[in-house]
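Engineer: Fold the following for me, if possible:
(one chain, ligands or ions: 1)
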Amino acid sequence: MIESLDTLRHYVQSATSRSFVPYSCQPRAVLALLSDGRWTCGVRIENACYPLVIPALSSALVSAASMGRRDVVAVVFSSSMKEEEKTTALHLVDSSFDQLDDDVLGHVGRTYHLQEKLATCKDLKLRLNPTSGIFLARQAARYAHTPESDFPVGAIVVTEDQKYFQGANIEYPDWRQILCAERAAIAAAISAGAKDIRQIYVSCLKSSKASPCGACRQVLYEVAPNSVIWIDRGEEVAESFRPKDLLPDAFHLSES
Ligand code: THU
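Structural biologist: Residues are numbered from 1 along each chain as shown. I've put the predicted structure just below:
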């Protein structure tokens, strides 16, 4: 049995309140434990195009994978796991997982020494500019896993309080589980409690015409409306955009 299961449950409970669930009002968080005892939490992130929701499990897995960590040894849910969550975890993480409790998948009889949490959040010592932001986005792209597309992308989200989070596109055979690098970085940021996303640097060196996809535009519009998105296509000067310009006449569910 995993040591400190109660501590892991406590961590995942505290992450739950960071969910972005204005539509369902049903917060959800998932903790992914790594083989060295580090862990990351992910929260559910909704948007007005309901099926584009980022599930808490995806948030947790992509936050770890975007830092080069794919050695998930257990998954803890904020309440009893749903059947589809179990199926997805077995599929994406480890088909030999045992169900250790209503809310835990892992391996019977193994122990892990819980460490400080995975550093998905880093403090900036100096303010980033487009050159340094894009440098970091290119570094993040090294963690992209692209067996499906061979199209690596990296992204860095910077918050108002000068913290940054990285994301990369991590591909699975089931394309519905794939998130772009932009949404991976946003998932890491929101899951860590980021409130005000100011800049997003994206590096996409394989296309001279790269630009955020439709799904990312909707998510950016809703969770990072005040941001500036810088796109690096390998040229000298990166191009910048605002979410409202990327998605004119955006869909709103309510008048507010
Ligand atoms: N992709 C991104 O990560 N960001 C973009 O802005 C465009 C596309 C990813 C998604 C998928 O893994 C691959 O690139 C091909 O679309």
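Engineer: Any part of stretch 176-193 near the ligand?
Structural biologist: Yes: using Cβ under 6 Å from any ligand atom, stretch 176-193 reaches the ligand at 178, 180-182. Every C-beta, even on glycine, is put in place using the N, C-alpha and C of the backbone.
Engineer: what are the ranges of the helices in the stretch 101-250 of the chain?
Structural biologist: Remark: helices assigned in the stretch 101-250 of the chain by DSSP state H, counting those that start in this stretch are 130-140, 181-191, 214-223, 243-246.
Engineer: burial measure for Thr16, as a count.
Structural biologist: 18 (other Cβ atoms under 10 Å).
Engineer: thinking it is in contact with Ser78, fair?
Structural biologist: Yes: using Cβ atoms under 8 Å, Thr16 is in contact with Ser78, at 4.7 Å.
Engineer: Now list whatever residues contact both of the two.
Structural biologist: Shared contacts of Thr16 and Ser78, defined by Cβ atoms under 8 Å, 6 or more residues apart in numbering, are found at 27-29.
Engineer: Let's see if you can find the most crowded of these.
Structural biologist: Within these, most neighbours by other Cβ under 10 Å means Ala29, with 26 neighbours.
Engineer: Now do the same for Thr40: helix, strand or coil?
Structural biologist: Put simply, Thr40 is strand when judged by DSSP: H, G, I helix; E, B strand; the rest coil.
Engineer: Any figure for the gap between the closest residue to it other than its chain neighbours and the ligand?
Structural biologist: Closest residue to Thr40 apart from its sequence neighbours, by Cβ to Cβ, 6 or more residues apart in numbering: Leu118 at 4.2 Å. Leu118 is 21 Å from the ligand, where distance means Cβ to the nearest ligand atom, to the nearest Å.
Engineer: what's the neighbour count on Leu118?
Structural biologist: So Leu118, with other Cβ under 10 Å, has 21 neighbours.
Engineer: What of the one 3 residues further on?
Structural biologist: Here the number of neighbours of Cys121 (other Cβ under 10 Å) works out to 18.
Engineer: can you check Gly234 too?
Structural biologist: Neighbours of Gly234 (other Cβ under 10 Å): 14.
Engineer: show me the contacts for it.
Structural biologist: Counting by Cβ under 8 Å, 6+ apart, Gly234 touches 205, 208.
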